[in-house]
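1. Just need the structure, nothing else, for what follows:
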Amino acid sequence: MALLVPNGIEGEILKYVLNITAPENLSIRLYTNNITPAETDTVGTYTEATGGGYTSKPLVPGSWVITLNNPAAQATHPQIVWTFTGVVGNVYGYFVTRDTSNDLMWSERFTNGPYNVQNNGDEVKVTPRSSLE
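-> Residues are numbered from 1 along each chain as shown. Now for the predicted structure:
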């Protein structure tokens, strides 16, 4: 599934671009409910993973690499890896939130998931990307 930016945050993204609102730091989180991201989603739509040593992870602002391509520019963050210490269950995708306001920025369901986290040492890896065309 492709990355989805919900309707509720589109105005805030425009405010960032137009320098009306200062951006916030972002965190990436894994979700465990069997849903497909939709335009009307909010943070409450997603059941964040728990247990097994799971914790959300920051998306470090200076780590993004911007590539200018035709027809689309792309931003890529270094791969994020979660290494688990126990059972989490099925992980269906990830969602990204703003750290201060806790707004949902975007989400994506894994195209080759879910990943069933059952054992110490199981991993889930995500390389966050975003593009503008």
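
2. Where does the prediction get shaky in this protein?
-> For the chain, applying pLDDT under 70 flags the ranges 1-2, 133.

3. redo that, cut-off 50
-> Along the chain, the model assigns pLDDT under 50 to no residue.

4. list the contacts for V117?
-> The neighbourhood of V117, defined by CB atoms under 8 Å, 6 or more residues apart in numbering, consists of 49, 52, 84, 87-91, 124. Where C-beta positions appear, they are placed from N, C-alpha and C, glycine not excepted.

5. run the last query once more with 7 Å
-> Counting by CB atoms under 7 Å, 6 or more residues apart in numbering, V117 touches 52, 84, 87-89, 91, 124.

6. so how far is S107 from the spatially closest residue to it that is not a sequence neighbour?
-> Nearest residue to V117 in three dimensions, chain neighbours excluded: V88, at 3.9 Å (CB to CB, 6 or more residues apart in numbering). Noted for V88: a distance of 18 Å to S107, by CB to CB, to the nearest Å.

7. So which of the two has more stuff around it?
-> Neighbours were counted for V88 and for S107 using other CB atoms under 10 Å; S107 has more, 25 against 22.

8. In which helix or strand does the more buried one reside?
-> Element membership for S107 (DSSP states H and E) is strand 104-109.

9. At which residues are the strands of this structure located?
-> Secondary structure of the chain (DSSP state E): strands at 26-31, 57-59, 65-68, 73-76, 80-83, 89-91, 93-98, 104-109, 115-117, 123-126, 129-132.

10. Enumerate the positions of stretch 18-25 that are buried.
-> Buried residues in stretch 18-25, counted by 16 or more other CB atoms under 10 Å: E24.

11. Actually, stretch 109-125.
-> By 16+ other CB under 10 Å, the buried positions in stretch 109-125 come out as 109-110, 114-115, 117, 122, 124.

12. need the contact list for the nearest residue to E24 once chain neighbours are set aside.
-> Excluding its sequence neighbours, the residue lying closest to E24 (CB to CB, 6+ apart) is R98, at 4.1 Å. By CB under 7 Å, 6+ apart, the residues touching R98 are 24, 26, 105.
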